[in-house]
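1. Here is a sequence with its predicted model. Questions after.
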Amino acid sequence: MENTNNIEKTNKKEEASTHKIGIYLWIWTLLFVLSFFSYMVDWYQFQGMLRWSLILFFMFLKAGLIMAFFMHLFWERYALVNVLLWPMTAIACFIFLMAAEFQYTLFSRLFYFVVGGGA
Amino acid sequence: MSEPKIDGFELKPGFKGMASDTASDQTMFKGVHWGKAMMWIFLLSDTFVFSCFLISYMKGRGSTPVEWPNPSEVFALEAFGVPVPLLLIALMTFVLITSSGTMAIAVKYGYEKNRKMCGWLLLATALGGLTFVGMQAYEWSKLIHEGVRPWENPFGAAQFGSFFFMITGFHGFHVSIGVIFLFIYTYKVFAGHYEKGKKGWFTKLKGDYVEIEILGLYWHFVDLVWVFIFAFFYLW
């Protein structure tokens, strides 16, 4: 009897423990504003390092907000969060490797276009 | 979302909790529905697929000595006789974020067992996704009409077309699958399947509003991928 009472209590608590609608509306607004800013980067034709750093900044901010609040990762236990986020370091390594690779490919293409293949 | 309680097991917060959850000789993701854990693992593998596409795009774009087409000119759209850079892409971004917001709120109303609100918001999400796919079809046909092919295009480096069709095509395919499932779940919610305890997908167990959160994870992921495509392909 006591057990069923407990279960009922926890069920009620679960229903009540959803997040307030305000937090979703806030994140939604922020995503709109950040998207608008990243569009403005193109509108005003910023170039070079300023352009790339602004693009990356807005991109990571938007991605973080979506994952943390819309996908609820902010409220999940660390066992799940860490299983999901650590594999991203492998992607970072891959990006680093391929960045080195494309520079080498570009270099050898330009080099042999000038020197010629048969030399 | 999950504050689980397990008899005889203390759930510690933070990294200590991670160590004890992992070493608990039982389920590792405490309070996480199995379907939700499976969806997360699928999304992790999907992240790797999209990363490989975007990395190969970086490699292709970086290693060609031919000039890359300028995306803000290629994707410009005439509005009232004036070419506006990236107009269609900006609209697509806003449509997708809007549908992501309605999805997040649908999940909230689902957990509160507010059947009607959950259903209407799911329908709005599905229609947003459909609008996105429609705009993408328009974008594709416009570019194909201008002579962009996977092997050549009139704007610059020949690799542009193959990366464009591959990356946006794979993303659009994800959106289309999501729209189909959104319509199915809109029906399920309005028909009251979760109140009646009808069985869920791939299981004999009863369905629950947690399925809406699982669907939401997929839909937010589609939006998440678009954030990266928008940054790297359209703005860079």
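-> Alright, I've got the coordinates.

2. any low-confidence regions in chain B?
-> Confidence mapping of chain B against pLDDT under 70 gives the ranges B:1-3, B:202.

3. ranges for the helices of the chain?
-> Since no chain was named, I'll use chain A. Chain-ordered helices for chain A, with DSSP state H as the definition, fall at A:2-16, A:21-43, A:48-65, A:78-85, A:88-115.

4. oops, I was thinking of chain B
-> B:14-22, B:34-63, B:71-74, B:87-111, B:115-145, B:159-190, B:193-196, B:210-229.

5. Report the residue ranges of every domain in chain B.
-> By the record's domain assignment, chain B is partitioned as B:1-32, B:34-235 (automatic domain parsing).

6. most packed of those?
-> Per residue and on average, the most neighbours among these fall to domain B:34-235, with a mean of 18 (mean count of other C-beta atoms under 10 Å in any protein chain shown). Placement of C-beta: from N, CA and C, glycine included.

7. Show the end-to-end separation of that one, please.
-> 38 Å (C-alpha to C-alpha, to the nearest Å).

8. among the domains of chain B, which is nearest A:Ile66?
-> Distance to A:Ile66, taken as C-beta to C-beta, is lowest for domain B:34-235 among the domains of chain B, at 5.1 Å.

9. and of the helices of chain B, who's closest to A:Asp42?
-> In terms of C-beta to C-beta, the element of the helices of chain B nearest to A:Asp42 is helix B:71-74, at 5.2 Å.

10. Tabulate the domains of chain B (TSV), appending distance to chain A.
-> Formatted as TSV, the entries for the domains of chain B read as follows, by distance: least, C-beta to the nearest C-beta, whole Å:
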stretch	distance to chain A
domain B:1-32	4
domain B:34-235	3
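
11. and the helices of chain B as TSV, adding distance to A:Ile55?
-> As requested, these are exported to TSV (distance: least, C-beta to C-beta, whole Å):
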stretch	distance to A:Ile55
helix B:14-22	33
helix B:34-63	13
helix B:71-74	12
helix B:87-111	13
helix B:115-145	20
helix B:159-190	16
helix B:193-196	42
helix B:210-229	11
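
12. so which of these comes closest to A:Ala100?
-> Going through the helices of chain B one by one, with C-beta to C-beta as the measure, helix B:34-63 comes closest at 10.3 Å.

13. Which strands or helices does the closest one pack on?
-> In this structure, helix B:34-63 packs against helix A:78-85, helix A:88-115, helix B:159-190, helix B:210-229, with contacts taken as 3 or more C-beta pairs under 8 Å, 6 or more residues apart in numbering or on different chains; DSSP states H and E.

14. returning to what we had before: quick one: closest of the helices of chain B to A:Ile21.
-> The minimum distance between A:Ile21 and the helices of chain B falls on helix B:87-111, with 6.4 Å, by C-beta to C-beta.

15. Next, the angle helix B:115-145 makes with the closest one.
-> Here helix B:87-111 runs at an angle of 160 degrees relative to helix B:115-145 (axes from the mean of the first three to the mean of the last three C-alpha atoms, to 10 degrees).

16. Residues contacting stretch A:37-44 from elsewhere in the structure, which ones?
-> By C-beta atoms under 8 Å, 6 or more residues apart in numbering or on different chains, the list of residues contacting stretch A:37-44 from outside reads A:51, A:54-55, A:58-59, A:62, B:72, B:85-86, B:90, B:93, B:230-231, B:234-235.

17. residues near the closest residue to B:Ser51 other than its chain neighbours, how many?
-> Sequence neighbours aside, A:Ile91 is the residue nearest to B:Ser51 in space, at 4.7 Å (criterion: C-beta to C-beta, 6 or more residues apart in numbering or on different chains). A:Ile91 has 16 neighbours, counted by other C-beta atoms under 10 Å in any protein chain shown.

18. Give me the phi and psi for B:Val148.
-> Backbone torsions for B:Val148, taken as degrees, to the nearest 10, come to phi -80, psi 130.

19. Oh, that last question was meant for B:Trp151, not what I typed.
-> Main-chain dihedrals, B:Trp151, degrees, to the nearest 10: phi -110, psi -10.

20. so what's it up against?
-> For B:Trp151, the contacting residues are B:158, B:161-162, taking C-beta under 8 Å, 6+ apart as the criterion.

21. Quick one: closest of the helices and strands packed on helix B:34-63 to B:Ala104.
-> Distance to B:Ala104, taken as C-beta to C-beta, is lowest for helix B:210-229 among the helices and strands packed on helix B:34-63, at 6.7 Å.

22. can you tell me which residues contact A:Phe94?
-> Counted by C-beta under 8 Å, 6+ apart, A:Phe94 has contacts B:51-52, B:55.

23. of the residues you listed, closest to B:Met18?
-> B:Ser51 (24.7 Å).

24. any idea how far the residue nearest to B:Phe50 when sequence neighbours are not counted is from B:Gly172?
-> In space, B:Phe50 comes closest to B:Val225 once its chain neighbours are excluded; the distance is 5.3 Å by C-beta to C-beta, 6+ apart. Distance from B:Val225 to B:Gly172, counting by C-beta to C-beta, to the nearest Å: 11 Å.

25. list the contacts for the spatially most central residue of chain B?
-> By C-alpha atoms, centre = their mean, the mean C-alpha position of chain B lies nearest to B:Val222, the distance being 1.0 Å. B:Val222 sits next to B:96, B:171, B:174-175, B:178 when contact means C-beta under 8 Å, 6+ apart.
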